[in-house]
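1. Fold the following, please.
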Amino acid sequence: DVLEHVRQPGSLLEAGLRRLAPGGRLLVSVPNFGHWYPRARTLAGRFDYDERGILDRGHVRFFTRRSFERLARSQGLVVRRRQATGLPIDVLGSRQGATTSPSPPPSGRRGLWRAVERIDDVLVRLRPELFAYQLIYELEPSASPTPSS
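-> Okay, the predicted model is just below:
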């Protein structure tokens, strides 16, 4: 959850790679700019930053599945596992900061929130490029590292 906040994410990956123990792996999580929300905002001409999420004010780099995997390869890393997560339903509409726990939905809406979560889970599995909110990777050094660009 750091690479999108630095100007040279390849350098950070390279530094992590140098510090890995033999057989070690890097775990990386990046927001998916290919998610429908930033796509819709951009299409509507509203590329504004938010307080949190994919368009967080602190983000200086944006990644899609393809662009992140290209970056990882350029740093001599191989994707061993990839996982996509859906919308953080538990914090939608919440004005709480990232350091506080979200409050549960009102009891009358719990069924609705669970249904939205289930639908989101199915959509993430069917089309992760469009519905994954976060992309989580397990990376390891490739057998023959590619020079950094």
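2. residue ranges for the strands of this structure, please.
-> Taking DSSP state E as the test, the strands found in the chain are 26-31, 77-85, 134-141.
3. Show me which parts of the last one are buried, residue by residue.
-> Yep, that's strand 134-141 we're talking about. By neighbour count with 16 or more other CB atoms under 10 Å, strand 134-141 contains the buried residues 134-135, 137, 139-141. (C-beta placed from N, C-alpha, C; glycine too.)
4. Could I get the CA-only coordinates of that strand as CSV?
-> Extracted as CSV, the C-alpha positions of strand 134-141 are listed here (Å, rounded to 0.1, in the frame of the first residue of the first chain):
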residue,chain,number,x,y,z
GLN,A,134,-7.3,-3.5,-4.8
LEU,A,135,-4.8,-5.8,-6.6
ILE,A,136,-2.7,-7.9,-4.2
TYR,A,137,0.4,-9.7,-5.5
GLU,A,138,2.9,-12.2,-4.2
LEU,A,139,6.1,-11.6,-6.2
GLU,A,140,9.4,-13.4,-6.3
PRO,A,141,12.6,-12.8,-8.1
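5. From the chain's centroid, how far away is it?
-> 10 Å (CA atoms, centre = their mean, to the nearest Å).
6. which other helices and strands contact it?
-> Contact partners of strand 134-141 among helices and strands, from 3 or more CB pairs under 8 Å, 6 or more residues apart in numbering; DSSP states H and E: strand 26-31, helix 65-74, strand 77-85.
7. Could you give the number of residues near the closest residue to Leu123 other than its chain neighbours?
-> Nearest residue to Leu123, sequence neighbours excluded (CB to CB, 6 or more residues apart in numbering): Phe131, at 4.1 Å. Applying other CB atoms under 10 Å, we find 23 other residues in the vicinity of Phe131.
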